[in-house]
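Enquirer: kindly return the folded structure for what I paste below:
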Amino acid sequence: MCHRTPKSGEQFQKWQASKHADAMKTLATPAAMKIAEARGIKGDPADAPECLKCHQTAYDVPASMLSPRFNKQDGVQCETCHGAGKDYMKMDIMKDPKEAAANGLVLPSVSDGSAEKFCETCHNKMSPNFKGFDFKKMWAEIAHPVPKQ
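Expert: Numbers count the residues shown, from 1 in each chain. This next block holds a predicted model:
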């Protein structure tokens, strides 16, 4: 995996330690069952599209379109924010930012507001546990830039 080294900013480890990586685990809790029941969701929240749309990357993508190594149980993964990696993950493509973008890499930007807008597709009043969303604070918790070389 390319994003594990100090040179890349150990991005994988930062994701792994984040709440995004545990997003599916939260749906398995008694609290999630209570919330789902109160919302009229029948059955397991981990099977409910209303919950999965924010707790699971590619929740609505057929398994036949996913890599055999892709595990939906890994919660909110890199591709949620950065786009499907199949066409940009090769090293020769990733080394060229324009080529990577042309092959689907998405880099949400803080400066143009696209990152905040994207985050708010899940972190909003539709979420049953919403208590406000401090984008700057939360962004600092998940930031994973590539260090300047």
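Enquirer: show me what contacts the residue nearest to the spatial centre of the chain?
Expert: By C-alpha atoms, centre = their mean, the chain has its centre lying nearest to residue 76, at 3.3 Å. Going by C-beta atoms under 8 Å, 6 or more residues apart in numbering, residue 76 touches 20, 21, 23, 54, 55, 56, 57. C-beta coordinates here come from the backbone N, C-alpha and C atoms, glycine included.
Enquirer: against residue 90, how distant is it?
Expert: Separation of residue 76 from residue 90 (C-beta to C-beta, to the nearest Å): 24 Å.
Enquirer: per-residue confidence for the closest residue to the residue nearest to the centre of the chain other than its chain neighbours?
Expert: Spatially, and ignoring its direct neighbours in sequence, residue 76 is nearest to residue 20 (3.8 Å; C-beta to C-beta, 6 or more residues apart in numbering). If you check residue 20, the pLDDT there is 97.
Enquirer: residue 20 contacts residue 78, doesn't it?
Expert: No: between residue 20 and residue 78 there is no contact under C-beta atoms under 8 Å: 9.3 Å.
Enquirer: these two: which is more packed in?
Expert: Ranked by neighbour count (other C-beta atoms under 10 Å), residue 20 and residue 78 place residue 20 first, with 21 against 17.
Enquirer: low pLDDT regions in the chain?
Expert: 1 (pLDDT under 70).
Enquirer: returning to what we had before: so who does the residue nearest to residue 76 touch?
Expert: So residue 20 contacts 75, 76, 77, 80, 142 (C-beta under 8 Å, 6+ apart).
Enquirer: now the third one: phi and psi?
Expert: Residue 77 has phi and psi values of phi -100, psi 180 when expressed as degrees, to the nearest 10.
Enquirer: now do the nearest residue to it once chain neighbours are set aside against residue 24, distance only.
Expert: What sits nearest to residue 77 in space, not counting adjacent residues and going by C-beta to C-beta, 6+ apart, is residue 57, at 4.1 Å. Look at residue 57 and residue 24: by C-beta to C-beta, they are 10 Å apart.
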